[in-house]
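Participant: my questions are about this predicted structure, shown below with the sequence.
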Amino acid sequence: MDRRDFLKLLGITSSATLISSCGVDKANEKIIPYVVPPEEEIYPGKALYFSTTCTECPAQCGLQVTVKEKVYHDNRSLFPTKLEGLAGHPINDGALCARGQAGLFRLYHPQRIKRPLLKDENGNFRIATWNEAVERIQKELQTATSAGLTNVFFASRTTGSLADLIDEFCQKMKVKRTKEFEIFSHSNIREANRIVFNQPLIPAYYIDRSDFLLTLGADIFETFISPVQFATQFARVRENSHFTWFHIEPHLSLTGVQASQRLVLKAESEWVLLAYVIGKLSHSQAAKRNLPSGILQILPRFEEEHTSQLTGIATDHLQQMVDSLSRAVKPLLIAGGVSTAHSHGLEVAVLASLLQWMVGNDNNQIDFAGAENYQQVGSLLDVEELVNQLAQKSLGVFFISRANPVAQLPVNFEFSQRLHNAQFTVGLSDVMNETIRECQLVLPLSHPLESWGDAVPHYGLRNAIQPAIEPQFDSRSEGDILLQIMNSGESTQRYKDYLFERWHKNFGEEGRKDFLTHGYRHEPLPKIQWSLNTAQTISFLKEMKRDETEAMNLLWLVPSIRTYDGRGRDLSLLQEIPDPITTVTYGDWISISSQMASALKVSDRDEIQIATHGFSLQLPVKVQKLLPDKTLLIQRGAVATLPVEIDRRSGELYWVITNTSISRTGKRIALPILAGSMEEEGRGLLPEDAEHGHGHNAEHKPWYPEHEHVNYRWGMAIDLEKCIGCNACVAACYVENNIPLVGAEEHLRGREMSWLRVQPYFDKEGQIEFVPMLCQHCDNAPCETVCPVYAAYHNPEGLNVQVYNRCVGTRYCANNCPYKVRRFNWFDHHLPEPLDKMYNPDLSIRGRGIMEKCTFCIQRIRSAKDIAKDEGRLVQDGEVIPACAQTCPTKAITFGNLEDKKSKVYQLAHSERAYHALEELGTKPAVNYLRKRGNDHEA
Amino acid sequence: MKKRIAPVLIILYVVSFMGFIVVIAYFWQQHRKTPEQPINFSHQIHVTRVGLPCTHCHYSVEISPAAGIPPVETCMNCHQAVATDKPEIQKLTRYWEEQKPVPWKRVYKLPVRRYIYFSHKRHVKAGLECVNCHGHVEIMSVIKAVPKLEMGWCMSCHRQRNASIDCATCHK
């Protein structure tokens, strides 16, 4: 042997010995105590709960924050680790959508602004102190006022005490408060109600008080006004077999696929449909009151054949709809979303209001007293005026708070260029965004979970906003900032004291305490009488647009259930969770119909180019079977603002561009699409027919001995009738169980990490049904028998348990699982700091090489059993609620003890609608699915 | 001679290297059993001499899975006046003045701690005394992990007392 080989051998054996014996568990090293313990009684295993408000979208649902004790970076402290809906809250009653669940990703966002930033001469940000910032603002305000310039305060929808404080601020500091900016301003609805009823408001809609729902375009489960509220109401009323729902839309939406009947109509022809219905039902039994003759004379009349031709809806469907509507006792019409976001959108809204008035409301299923609080929200006409003022250089100090117009406004507004014409721009935000980056002074706002405040989502309801954590950075709440600017020199009142004073004054001391304990407060409202303003209506109808031509190649910019109007794009959880129907995760796409796909000879992931009027964009394609031909969909936020127009009468934004030209580019883009196929190929994930029920597998003799369950057998029932596919459960599961976010690369390899996924499938009738799929905790689990190290086993309570540190990573269990719900940690995906502050300390963070899957939230089961054992009893029904069941807006998931014959889950599991997924495999799952009633019922 | 010396040397080297590792491992175990603490805290003084009960400092042992290490404030309740001349107390006072927690080194370590759920509350409520698992801490001037907290040791007691031996009870 020569010297080189000798040394090589030495090196290899030494390093082999070292590496194989390596491994120090760093987490083991230290115990960190408190310096001063917190006032509240808190220790590991106990959580604190705070009632506050979710601010991820304007719906402002009631929120309950779970705060736990953790050691983070050698400091023991309290951190919010989970967000849930506030039980009993009038809007969401305990539920929370996926965007709300992702709220912690905003609280701990890596791009939180940490300190005030001031731009220097070169346009680079440097750190400033608060005093510096406030003094600069005061100076600039003075300079601007003396130069005759207008100072403006531009914010997104603000309600409650903060809105009043902004008014005070603007008055004192001589700042003009502009109309608030929401890209979903619902201007057409408000303008229509102003014309018809003199109420420029979005009314409160009560789906659960109606027996017939007709929605035109309104995406009530995705982003329209208050999606969780509508979903909750829908679930309540769905129990009623007399409830019928017709949804009319020109495209394909998640809301549409849930309706009893989804009718696709030609874009911009909703007004024809409504005019036809009004004409048909006028002076019939169905009309609770008749429209004045003046209106009826001007209203265009359409015959059934003509309507069918113009709208593309078959005559028998038209008849069905009119029949159902005329038989309804409490019909409800909601027109919004895509149906009011085009050139005839205002017509649609006006006619819908007229039809609602005609078929009756009685302040039951729809009322203006509890209207949504959009009074200060302007339309795009207001923004246009502002932009013109900017162009004329007549603006001084420009405050922008909690808004992102640069990313949301159509390109023709040129907002980001014009913004620099203002004398001095001040941006207030918690996370850095495109607009704030353009401002000269950036003030970091404390996140609502770090601040005090209140909100009035609709008239009659006031929500409390309470902090669940101290501000993590040198940020301040907006109220504090405004008070400091207003009251320089004098001692500045804290916003918290300002609020407490107001609450004390308005509610009394008891009322204030109650307000903070419950998290919300009802305020009494006088009823509003509806009265038809005939003159205004007639003058509108005289001028109304009556275009009957058909537009081609329509490109719709639609809201996204994941990102709302695009604002959720910076939350990584919402990129990891798939879009419900297309199941695309990371990346943007354009949805096209199957006819267009075959015409262009493209399939999923092929790139196409859309061009119109000197603008073009390229995106990969996703083919959607149910999408009507010549219609293309892009989700808002996917593309940096299209050149859409606005309705000059109301200021509503058009969501559609017509007559685009489409061509293939020939490229293929790697777009992660999680669902392999939407056809279930007869495998029994959806029940095939009513006869295919329990007992099908009875002929198979079980090869394993029956499990004995003592006291508990945990099981679940998922009601497919109620599941709307919103993916809120998926988001909740991620946050509760420390599930890693694996990223686009891994998704492209098919390695999704979500323990619970919502699978869209086409059913027999060609409609989409959603099947939430999670570990079925099978009694005869195929995964348990193949683990070589006994890491997967069945525990005496019916759970299929995965022992993490025993797992060696063979992955045979995942291979054998027929439901494909086992997830392998191919890498260590640790959430980047400071997002890892949200990790739930009650369960582990799995390292690489470990298999994981749904555990039925065993940490929640364990803590419920702990409490029950202290009290010397068994766990009662309803004490254990896994994260998915807890957050579901329609309460589709029920969990409980199948050994308890009185439990809700036992009743459901033994109902005639219950079936098991992939029943013929004989796995005997603990998860029961309840098939849709529609199979046996008439629509 | 030249032909045979190489393999002999290799074997000698490998064996001595492994022996070296074994020796290091033994001392490493000892070190881990008795890690160096930031402050030389003596349980003997505080428990036997002063007479403090375990729960005075380990406050959450009956209500939480974790026993709890006393906040610095608890120490300062006495030590703002007691034995302030001792260097260890001065170290403590410095932590208090800087409002920094004392970074104690963990002594009773579970082997793969993050995957194990151990509830002090349940064991205390079942009637176990602190000394059953932690040894006679009250006479230790330097805390030392007496029993090796290995699964076999836990299981032997669980079997004896008919406690749950279901994996999911402890593996989270």
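Facilitator: That came through fine.
Participant: any stretches of the chain with poor pLDDT?
Facilitator: Assuming you mean chain A. When the per-residue scores of chain A are filtered using pLDDT under 70, the ranges that remain are A:20-28, A:489-490, A:640, A:688-701, A:934-939.
Participant: my question was about chain B, not that one.
Facilitator: Counting by pLDDT under 70, the low-confidence segments of chain B come to B:1-3, B:30-33.
Participant: show me where it has strands.
Facilitator: For chain B, the strands defined by DSSP state E cover B:104-105.
Participant: and for the stretch 151-300 of chain A?
Facilitator: Counting by DSSP state E, counting those that start in this stretch, one finds strands in the stretch 151-300 of chain A at the ranges A:176-177, A:202-205, A:212-216, A:244-249, A:261-264.
Participant: isn't A:Asp842 right up against A:Lys68?
Facilitator: Yes - using CB atoms under 8 Å, A:Asp842 is in contact with A:Lys68, at 7.4 Å. Bear in mind the C-beta positions are built from the backbone N, C-alpha and C, glycine included.
Participant: thinking again about what came up before, most tightly packed of the strands of the stretch 151-300 of chain A?
Facilitator: For the strands of the stretch 151-300 of chain A, ranked by mean neighbour count under the definition mean count of other CB atoms under 10 Å in any protein chain shown, the leader is strand A:212-216 at a mean of 27.
Participant: paired strands for that one, with orientation please.
Facilitator: strand A:244-249 (parallel), strand A:331-335 (parallel) (DSSP bridges).
Participant: for the longest one, C-alpha coordinates in PDB please.
Facilitator: If I follow you right, that is strand A:244-249. Taking Å, rounded to 0.1, in the frame of the first residue of the first chain, the C-alpha atoms of strand A:244-249 are listed here in PDB:
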ATOM      1  CA  THR A 244     -83.400  26.600  -3.200                       C
ATOM      2  CA  TRP A 245     -80.500  28.500  -4.600                       C
ATOM      3  CA  PHE A 246     -80.000  29.700  -8.200                       C
ATOM      4  CA  HIS A 247     -76.600  31.100  -9.000                       C
ATOM      5  CA  ILE A 248     -76.200  33.000 -12.200                       C
ATOM      6  CA  GLU A 249     -72.700  33.800 -13.500                       C
END
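Participant: chain center to that strand: distance?
Facilitator: Averaging C-alpha positions (CA atoms, centre = their mean, to the nearest Å) puts strand A:244-249 21 Å from its chain's average.
Participant: can you read off the backbone torsions of the most centrally placed residue in chain B?
Facilitator: In chain B, the centroid-proximal residue (CA atoms, centre = their mean) is B:Val107; its distance is 1.6 Å. Backbone dihedrals for B:Val107, given as degrees, to the nearest 10, come out at phi -110, psi -50.
Participant: that one and B:Glu36 touch, don't they?
Facilitator: No - proximity of B:Val107 to B:Glu36 does not meet the contact threshold set by CB under 8 Å, at 10.9 Å.
Participant: show me which residues of stretch A:718-726 are buried.
Facilitator: Neighbour-count burial for stretch A:718-726, with 16 or more other CB atoms under 10 Å in any protein chain shown as criterion, is recorded at A:718-726.
Participant: from those residues, which is closest to chain B?
Facilitator: Distance ranking of these against chain B, using CB to the nearest CB, places A:Ile718 first at 22.8 Å.
Participant: need the strands paired with strand A:212-216 in CSV (columns: distance to B:Ile89).
Facilitator: Compiled in CSV, those are given as follows (distance: least, CB to CB, whole Å):
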stretch, distance to B:Ile89
strand A:244-249, 74
strand A:331-335, 71
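Participant: of those, which approaches A:Pro788 most closely?
Facilitator: Using CB to CB as the criterion, the shortest distance between A:Pro788 and those is 51.6 Å, found for strand A:244-249.
Participant: CSV for the strands of the stretch 151-300 of chain A, including distance to A:Leu554?
Facilitator: Compiled in CSV, these are given as follows (distance: least, CB to CB, whole Å):
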stretch, distance to A:Leu554
strand A:176-177, 37
strand A:202-205, 26
strand A:212-216, 16
strand A:244-249, 12
strand A:261-264, 13
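Participant: A:Leu7 and A:Gly396: what is the separation?
Facilitator: According to CB to CB, to the nearest Å, A:Leu7 stands 76 Å off from A:Gly396.
Participant: so for the two, which residue has more residues nearby?
Facilitator: Between A:Leu7 and A:Gly396, counted using other CB atoms under 10 Å in any protein chain shown, the more crowded position is A:Gly396 (24 against 10).
Participant: list the contacts of the strand or helix carrying the more buried one.
Facilitator: Taking DSSP states H and E as the definition, A:Gly396 sits inside strand A:395-401. Contact partners of strand A:395-401, identified using CB atoms under 8 Å, 6 or more residues apart in numbering or on different chains, comprise A:137, A:140-141, A:143-145, A:147, A:149-156, A:158, A:175, A:389-390, A:419, A:421-429, A:435-436, A:439, A:445, A:478.
Participant: in helices only, show me those.
Facilitator: Judged by DSSP state H, helices contain the following of these: A:137, A:140-141, A:143-145, A:389-390, A:419, A:435-436, A:478.
Participant: which among the residues you listed end up buried?
Facilitator: For the ones in helices among the contacts of strand A:395-401, burial is judged from neighbour counts taken by 16+ other CB under 10 Å, and it is met by A:137, A:140-141, A:144-145, A:389-390, A:419, A:435-436, A:478.
Participant: redo these as TSV? Include distance to chain B.
Facilitator: Below are those laid out as TSV (distance: CB to the nearest CB, whole Å):
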residue	distance to chain B
A:Ile137	33
A:Glu140	38
A:Leu141	39
A:Ala144	44
A:Thr145	45
A:Gln389	51
A:Leu390	48
A:Leu419	43
A:Thr435	38
A:Ile436	33
A:Glu478	30
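Participant: A:Ile366 and A:Ile202 touch, don't they?
Facilitator: No - at 10.5 Å, A:Ile366 does not count as touching A:Ile202 under the criterion of CB under 8 Å.
Participant: strand partners of the strand holding A:Gly396, parallel vs antiparallel please.
Facilitator: With DSSP bridges as the test, strand A:395-401 pairs up with strand A:150-155 (parallel), strand A:424-429 (parallel).
Participant: tell me the SS of the closest residue to A:Asp120 other than its chain neighbours?
Facilitator: Using CB to CB, 6 or more residues apart in numbering or on different chains and skipping the chain neighbours, the partner closest in space to A:Asp120 is A:Arg126 (5.5 Å). At A:Arg126 the chain is in strand, as set by DSSP: H, G, I helix; E, B strand; the rest coil.
Participant: contact partners for A:Arg126?
Facilitator: Listed by CB under 8 Å, 6+ apart, the contact set of A:Arg126 reads A:117-120.
Participant: got a quick PyMOL command for the buried subset of these?
Facilitator: This is how PyMOL selects the buried members of the contacts of A:Arg126, with burial counted by 16+ other CB under 10 Å:
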select buried, chain A and resi 117+118+119
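Participant: out of the contacts of A:Arg126, list just those in helices.
Facilitator: The helices, defined by DSSP H, take in nothing from those.
Participant: A:Gly614: which of the contacts of A:Arg126 is nearest?
Facilitator: Each of the contacts of A:Arg126 was scored against A:Gly614 by CB to CB, and A:Lys119 proved nearest at 32.5 Å.
Participant: burial count for A:Pro524?
Facilitator: The burial metric for A:Pro524, expressed as a neighbour count using other CB under 10 Å, is 6.
Participant: quick check: longest helix of chain B.
Facilitator: What stands out as the longest helix in chain B, according to DSSP H, is helix B:2-33.
Participant: who's in contact with the spatially closest residue to A:Gln876 that is not a sequence neighbour?
Facilitator: Ranked by CB to CB, 6+ apart and with sequence neighbours excluded, the top spatial neighbour of A:Gln876 is A:Ala868, at 7.7 Å. Listed by CB under 8 Å, 6+ apart, the contact set of A:Ala868 reads A:874-876, A:879.
Participant: I am finished for the moment; much appreciated.
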